[in-house]
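*Asks:* After the sequence you'll find the predicted model.
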Amino acid sequence: MTYTLIKNGTLIDGNGGQPLANAAVLIKDNRIEAVGKLSEIKQPDEEVEVIDAQNGYILPGFIDTHVHMMMDQSNLQKSLSTPFSMNFYKALGHMKRTINAGVTSVRDAGFTDVGVKEAIDQGLILGPRMQVSIIPLTITGGHGDSWTRSGIDLTRLSYPGMPDGICDGPEQVRQKVREVLRAGADIIKVHATGGVMSPTDHPEFTQFSQEELEIMVQEAAFRRGIKVMAHAQGAEGIKNAVRAGIHSIEHGIFLDDEAIELMLAKGTYLVPTLLAPVAVLEAGETSDDMPEHALQKSREVIDFHRESIAKAYKSGVKIAMGTDAGVMPHGTNLRELNLMCQIGMSPMEAIVATTKVAAECLGWDDKLGTVETGKLADIIITKTNPIENISSLEDTNNIVTVIKDGNIEKDLLKETSGQSAYLV
């Protein structure tokens, strides 16, 4: 039995209420034992490891509900000449940078197999807690089908833990969902529309019929209530997905009033990924990693994207933070919060979207998302006040401590203080 006490910080607990000054958090093993003023917390008789927050800010571990942990953007020639197994080794760095940014839990939206998740769970490698979708489902010629007009197929290699995601028609859809669940998926991911990165479609193109989407929802629900998340950018595809009972809409670039009303009625989550098209354009300015079709489509959609998310936010749609990390460098996830504030959210609302609401979206709100007694000890300490300066979170040096499941994974405070971290 081990105890850790965090003291001398201001608590922003993830619930959206007033921050608590001079706060302390007592951790017992991997769970939060007590929260409040230091004087209100009963000290255990055993030895306690003390983390002095040094007047910093104590928050729940952040949650990114849309990442691609085994993906990064590189130019075509480099991708074709890189051995397949290299992707697993590169992912070690992606995951470490994610933790370093204070993101302790993620929902992987495609291309990470269950072995990576299990390696993290077993402590073999450092990384965020994961839900994995294995492979997105897509139609022939849709977003996710990387066949090019030259006749070269650049679709990611399938292997036993990563089945091919292309399916057409109700029966193929039903079988493919079962294959992905067999491979260990925690959630089903579907491309309900075209997208920015795919070579032969457009974000407004509708993929899959409502009937096919309903089959996905039905088959997933048969397996202990597994949900479906939908890459959905065009209005008609979004509405098909919401009507079919899909749990979350990813991107939502061309939301219209009817789609927003449907989402409100169904309680559908929206994961904006505002950073994704921004990052595509930035990459195009600094490297040759982005294909021209992706740059052109990003230019077309970026303003529509911001306007749609702003309209959804003002209407009261539930927004959970997600980035599409893998399209942009891993570890830059918290840039999304400033973009969320630019469309109208307050810094506190952006933080709640990245903690409490994100945990609710993942179905983990009983154990994560807020700093409360009984929950898992996923806690970060920031040097700066994120309420006053949300963009300060983009500098990972300001994320001075990261605790995941009770384990201290990053502690710049201890490194700089040079003092003993133990109190008897």
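*Replies:* Perfect, thanks for sending it.
*Asks:* Assign residue 259 to helix, strand or coil.
*Replies:* Three-state secondary structure (criterion: DSSP: H, G, I helix; E, B strand; the rest coil) places residue 259 in helix.
*Asks:* so what's it up against?
*Replies:* The neighbours of residue 259, taking Cβ atoms under 8 Å, 6 or more residues apart in numbering as the test, are 235, 238-239, 242, 252. Where C-beta positions appear, they are placed from N, C-alpha and C, glycine not excepted.
*Asks:* how about low-confidence regions in the chain?
*Replies:* Flagging of the chain using pLDDT under 70 yields the residue ranges 74-77, 149, 151-156, 415-424.
*Asks:* Do you have the helices of it handy? List them.
*Replies:* Listed from the start of the chain, the chain has helices (DSSP state H) covering 76-81, 86-100, 114-121, 170-182, 210-222, 235-243, 257-266, 275-286, 292-315, 335-342, 347-353, 356-362, 412-417.
*Asks:* Among the contacts of residue 259, which one lies nearest to residue 140?
*Replies:* Looking at the contacts of residue 259 and their distance to residue 140, the nearest is residue 238, at 21.3 Å (Cβ to Cβ).
*Asks:* Give me the buried positions along the longest strand seen in the chain.
*Replies:* With residue count as the measure and DSSP state E as the assignment, the chain has strand 48-60 as its longest strand. When neighbours are counted by 16 or more other Cβ atoms under 10 Å, the buried residues of strand 48-60 are found to be 48-53, 56-60.
*Asks:* who's in contact with the closest residue to residue 130 other than its chain neighbours?
*Replies:* Across the structure, with Cβ to Cβ, 6 or more residues apart in numbering as the measure, the residue nearest residue 130 apart from its sequence neighbours is residue 117 (4.3 Å). Listed by Cβ under 8 Å, 6+ apart, the contact set of residue 117 reads 108, 130-132, 184, 186.
*Asks:* roughly how far is stretch 211-222 from the heart of the chain?
*Replies:* Its chain's C-alpha centre lies 23 Å from the corresponding centre of stretch 211-222 when counted by Cα atoms, centre = their mean, to the nearest Å.
*Asks:* State the distance from the residue lying closest to residue 301 once chain neighbours are set aside to residue 302.
*Replies:* Ranked by Cβ to Cβ, 6+ apart and with sequence neighbours excluded, the top spatial neighbour of residue 301 is residue 253, at 5.1 Å. The gap separating residue 253 from residue 302 is 9 Å, by Cβ to Cβ, to the nearest Å.
*Asks:* out of the two, which sits in the more crowded spot?
*Replies:* Set side by side, residue 253 and residue 302 show unequal neighbour counts under other Cβ atoms under 10 Å, the larger going to residue 253 at 28 against 18.
*Asks:* correct me, but the more buried one touches residue 308?
*Replies:* Yes: if you go by Cβ atoms under 8 Å, residue 253 and residue 308 touch, sitting 6.0 Å apart.
*Asks:* Not counting its neighbours along the chain, what's nearest residue 57?
*Replies:* Among residues not flanking residue 57 along the chain, residue 382 sits closest, at 4.6 Å (Cβ to Cβ, 6+ apart).
*Asks:* can you pull the contacts of the one you found?
*Replies:* Contacts of residue 382 were listed using Cβ under 8 Å, 6+ apart, and they are 56-57, 59, 102, 392-393, 398-400.
*Asks:* ditto for residue 408
*Replies:* The contact partners of residue 408, taken as Cβ under 8 Å, 6+ apart, are 4, 51, 401-402.
*Asks:* Bridge partners for it, pull those for me.
*Replies:* residue 403 (DSSP bridges).
*Asks:* so residue 193 touches residue 249, yeah?
*Replies:* No: applying Cβ under 8 Å as the test, residue 193 and residue 249 come out as separate, 10.0 Å apart.
*Asks:* rewinding a little: which one of the contacts of residue 259 sits in the busiest neighbourhood?
*Replies:* Neighbours here are counted as other Cβ under 10 Å. On that basis the top member of those is residue 238, with 32 neighbours.
*Asks:* what's near enough to touch that one?
*Replies:* Applying Cβ under 8 Å, 6+ apart to residue 238 gives the contacts 192-193, 230, 232, 249, 252, 254-255, 259.
*Asks:* doesn't residue 207 make contact with residue 192?
*Replies:* Yes: shown here, residue 192 and residue 207 form a contact pair, counting by Cβ under 8 Å, at 5.8 Å.
*Asks:* Counting neighbours, go ahead and name the busier of these two.
*Replies:* Neighbours per residue (other Cβ under 10 Å) separate residue 192 from residue 207, with residue 192 holding more: 34 against 29.
*Asks:* Mark out where each domain of this structure begins and ends.
*Replies:* The chain breaks down by automatic domain parsing into domains covering 3-61+370-423, 62-362.
*Asks:* Just say which of the ones you listed is most tucked in.
*Replies:* Per-stretch averages of neighbours, counted by mean count of other Cβ atoms under 10 Å, single out domain 62-362 among these, with a mean of 21.
*Asks:* Quick one: end-to-end length of it, please.
*Replies:* End-to-end distance of domain 62-362: 13 Å, with Cα to Cα, to the nearest Å as the criterion.
*Asks:* quick one: that domain to chain centroid distance?
*Replies:* Using Cα atoms, centre = their mean, the distance from the centre of domain 62-362 to the centre of the chain it belongs to is 9 Å.
*Asks:* where's residue 60 relative to residue 351, distance?
*Replies:* Note on residue 60: its distance to residue 351, by Cβ to Cβ, is 9 Å.
*Asks:* Now for the two: what residues contact both?
*Replies:* residue 14.
*Asks:* nearest to residue 326, of the helices of the chain?
*Replies:* The closest of those to residue 326 is helix 86-100. By Cβ to Cβ, the value is 7.6 Å.
*Asks:* Backbone dihedrals for the nearest residue to residue 165 once chain neighbours are set aside, please?
*Replies:* Of all residues beyond its chain neighbours, the one nearest residue 165 is residue 135 (4.1 Å), with distances taken as Cβ to Cβ, 6+ apart. Note on residue 135: backbone dihedrals following degrees, to the nearest 10 are phi -140, psi 130.
*Asks:* Distance-wise, check residue 135 relative to residue 413.
*Replies:* With distances defined as Cβ to Cβ, the gap from residue 135 to residue 413 amounts to 40 Å.
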